[in-house]
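Colleague: Quick one: sequence and predicted model below, then my questions.
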Amino acid sequence: MSSSEDSSKRQFFVDTQTPGTEITIINSAGTVLDRAVQQMARELPPALYKIRYRVGNRVVDQIFELPPGEGVFRLEVPPLPILSAAPLSTVTEAQSTSGQFLEEVMRRPRIGPSKPASLFVFVMSDEDSSSQTPPLVKPGAGLSVHTFSGEKIADLETAETLNGCSACTIPVDPGNYLLRAQMPSGRPIEQTLVAVGGWQTQLYVRMMDMQPGSRTDAPPNSPPTSLGLAPLLRQMDLGRSGVLMIEEPAQQAPNESEIRWTAAARQALAAGRSNAAPDRTMMAALLSGKFKNPMLGIYAGHLLAMRGTSDIDLLREVVDNLFKLIGNHPDVTSLMIPLADPRAREIVYYEPPMLRSSWSLILGASSSEHDLRAPRSYAARIAGSLWGSGAWLAWRMPAEVESGTSSGDLLRTLYAGALSGKLTPAIRTIMASEEEKSKLTPTEALLARYLDLASRQLVMAQEWTSEDDRRGLLGALYPLIRPFFDSELQKDTKALVADAFTPNRLTKLTGLPYSSIQDAASTLALKLGLSQGTSFVSQVFGALKRK
């Protein structure tokens with residue numbers, strides 16, 4: 001390149017001031033010139049360019065002209081598509097008012113016995129200053145916090161409320177807690193909140209409006225209607241909720257940079273954008289200084305884990321720093337799995353983690369012989385009830401474990417009954433009725449579908465075998481020998497089905513702990529009309545004979 005070509009270029013710089021924001025610069029011919037995260041600096045010839053900013057799965061394009069001249073040309077960044085459940089003062093007047101309420105609540109001294117940790121829940125309506133809908137009287141109605149043993153420790157219906165916002169501070173001992181949200185239909189939705197000694201875990205939830213429909217069973221936050229129209233349903237947008245961690249005593253609201261950083265990192269993780277993982281310099285900023293917020297480090301660590309072994313040293317450094325900050329947090333211990341840390345196999349998860357990516361790591365490291373989720377624990381029970389998508393692990397509240405005989409023999413008996421066709425009519429009857437199917441737990445329904453599918457595969461193989469037999473030279477003899485000798489197709493089909501029902505395959509195919517599948521086999525058998533007793537297996541065989 002000649003010196004004249006060098007002199008025709010100018011230094012270009014853009015800084016989004018938000019980690020996790022992907023930047024792409026494209027010339028007028030549509031060619032991608034460079035990619036970066038958070039900020040970009042390079043020399044370019046004066047011309048027309050397009051900058052694309054990506055936060056998670058949302059993008060904003062900006063056309064700009066780089067003029068000739070001396071010095072660095074600094075591009076002003078447009079508003080980024082950051083979906084924050086926490087109030088941002090620069091967005092709307094309503095959010096500014098919500099931010100003032102947030103600061104006021106946090107500055108107040110706490111009443112009651114002190115605890116080494118705390119949870120803070122903030123619910124905000126999605127209205128702006130031009131909205132014609134009045135603010136909700138009880139924005140937090142239907143939202144509560146529980147221990148995993150079942151004790152309710154906070155109900156947001158009674159939380160302090162102002163201008164459509166509710167706030168509640170809950171002093172707690174370190175450990176895992178349940179956030180439970182009543183929804184317009186179905187069982188409540190739950191997710192985990194982790195309290196860490198010396199820190200306040202903050203959850204921000206935004207209310208969203210659903211389109212009016214024909215439903216009349218509106219939740220508590222449905223505004224009144226007239227003229228017989230269906231009510232406007234409002235419910236919590238749990239997928240967009242934000243979580244931050246603030247050092248105790250937490251008496252100051254998080255600043256806007258922390259809120260933006262956390263929201264952008266969560267969006268990148270929800271979209272699986274591993275390209276948004278911060279580099280070493282950005283990680284140093286995330287885990288120290290005024291932006292000290294362990295949730296940012298957790299998000300970044302999981303983005304790094306998506307990259308495989310390319311950033312394994314940086315991931316190890318992140319995990320070490322997080323252990324120093326917050327100890328054995330489940331979303332930190334799960335990051336030991338991609339590090340191949342031998343300690344990861346010794347950890348037992350009795351409760352689910354907060355992040356869906358943690359759940360994926362735990363599931364991938366589990367097998368029927370060694371499941372990281374304790375048998376019949378809450379972590380095992382939710383496996384068939386996962387709900388929604390995004391960064392957070394959420395699930396429908398699991399039903400109470402019903403009494404039954406959890407037995408591998410019983411599962412094999414149901415399997416044999418389905419393959420023989422003797423149990424298939426009962427399975428198809430219960431699955432064909434919406435009323436009866438609604439009585440099944442998600443795990444029971446999944447197992448019933450697997451049993452039905454196995455039966456259909458065998459029936460299809462038998463039908464094809466019969467068709468081939470009729471066309472064969474010994475067509476008249478085949479009906480006599482087939483009850484004793486399977487065709488090659490029947491043998492292969494039975495082998496495939498049998499492999500699908502081995503403990504390892506069932507665990508991998510369903511994502512469920514094998515103990516949960518055994519429990520479901522027990523309760524499904526009861527719902528199919530098979531009684532429980534000391535000779536339970538023989539009763540099943542007897543029932544199969546009678547069919």
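Modeller: Perfect, thanks for sending it.
Colleague: from here on, contacts and neighbour counts on C-alpha atoms
Modeller: Will do.
Colleague: Report pLDDT for Ile82.
Modeller: pLDDT, Ile82: 83.
Colleague: number of nearby residues for Glu369?
Modeller: When neighbours are defined as other C-alpha atoms under 10 Å, Glu369 has 11 of them.
Colleague: so what's Lys494 up against?
Modeller: Leu458 (C-alpha atoms under 8 Å, 6 or more residues apart in numbering).
Colleague: Quick check: Leu322 touching Tyr299?
Modeller: No. If you go by C-alpha atoms under 8 Å, Leu322 and Tyr299 don't touch, sitting 11.2 Å apart.
Colleague: who's more crowded, the two?
Modeller: Comparing Leu322 with Tyr299 by other C-alpha under 10 Å, the one with more neighbours is Tyr299, at 27 against 21.
Colleague: Got the confidence number for that one?
Modeller: 89.
Colleague: would it count as being in a helix?
Modeller: Yes. With DSSP: H, G, I helix; E, B strand; the rest coil as the criterion, Tyr299 is located in a helix.
Colleague: how about the nearest residue to it, chain neighbours excluded?
Modeller: Spatial nearest neighbour of Tyr299, excluding adjacent residues (C-alpha to C-alpha, 6 or more residues apart in numbering): Ala265 at 6.1 Å.
Colleague: Can you classify the one you found by secondary structure?
Modeller: helix.
Colleague: That one and Ser84, how far apart?
Modeller: From Ala265 across to Ser84, the span is 11 Å (C-alpha to C-alpha, to the nearest Å).
Colleague: What of Ala250?
Modeller: 20 Å.
Colleague: With Ala340 instead?
Modeller: With C-alpha to C-alpha as the criterion, Ala340 and Ser84 are 34 Å apart.
Colleague: Name the residue in the two with the higher neighbour count.
Modeller: More crowded of Ala340 and Ser84, by other C-alpha under 10 Å: Ser84, with 21 against 10.
Colleague: in a strand, that's where that one is, yeah?
Modeller: No. Going by three-state DSSP, the assignment for Ser84 is coil, not a strand.
Colleague: Confirm for me that it is in contact with Gly239.
Modeller: No. When contacts are counted by C-alpha under 8 Å, Ser84 is not listed as touching Gly239 (10.9 Å).
Colleague: can I get the CA coordinates of stretch 249-266 in CSV?
Modeller: Output of stretch 249-266 as CSV, limited to C-alpha atoms (Å, rounded to 0.1, in the frame of the first residue of the first chain):
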residue,chain,number,x,y,z
PRO,A,249,-25.6,-3.3,52.5
ALA,A,250,-27.5,-2.7,49.3
GLN,A,251,-29.0,0.7,49.8
GLN,A,252,-28.3,2.2,46.4
ALA,A,253,-30.1,1.4,43.2
PRO,A,254,-27.9,0.0,40.4
ASN,A,255,-26.7,2.6,38.0
GLU,A,256,-27.8,2.7,34.4
SER,A,257,-24.6,1.2,33.1
GLU,A,258,-25.0,-1.9,35.3
ILE,A,259,-28.6,-2.3,34.2
ARG,A,260,-27.7,-1.9,30.5
TRP,A,261,-24.7,-4.2,30.7
THR,A,262,-26.7,-6.9,32.5
ALA,A,263,-29.6,-6.7,30.1
ALA,A,264,-27.3,-6.9,27.0
ALA,A,265,-25.4,-9.8,28.4
ARG,A,266,-28.6,-11.7,29.2
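Colleague: avg pLDDT for it?
Modeller: 80.
Colleague: Show which residues not belonging to that stretch make contact with it.
Modeller: With C-alpha under 8 Å, 6+ apart, stretch 249-266 has contacts from 18-21, 55-56, 82-84, 86, 88-89, 102-103, 106-109, 198-200, 242-244, 246, 276, 291, 293, 295-296, 299-300, 391.
Colleague: Please state the offset of that stretch from the chain centre?
Modeller: Distance of stretch 249-266 from its chain centroid, counting by C-alpha atoms, centre = their mean, to the nearest Å, is 21 Å.
Colleague: quick one: Leu303 from Glu103, how far?
Modeller: Relative to Glu103, and taking C-alpha to C-alpha, Leu303 is found at 31 Å.
Colleague: out of the two, which sits in the busier spot?
Modeller: More crowded of Leu303 and Glu103, by other C-alpha under 10 Å: Leu303, with 26 against 14.
Colleague: If you count contacts, what does the strand or helix carrying the more buried one end up packed against?
Modeller: Taking DSSP states H and E as the criterion, Leu303 maps to helix 294-305. Applying 3 or more C-alpha pairs under 8 Å, 6 or more residues apart in numbering; DSSP states H and E, one finds that helix 294-305 contacts strand 234-247, helix 256-270, helix 280-286, helix 312-326.
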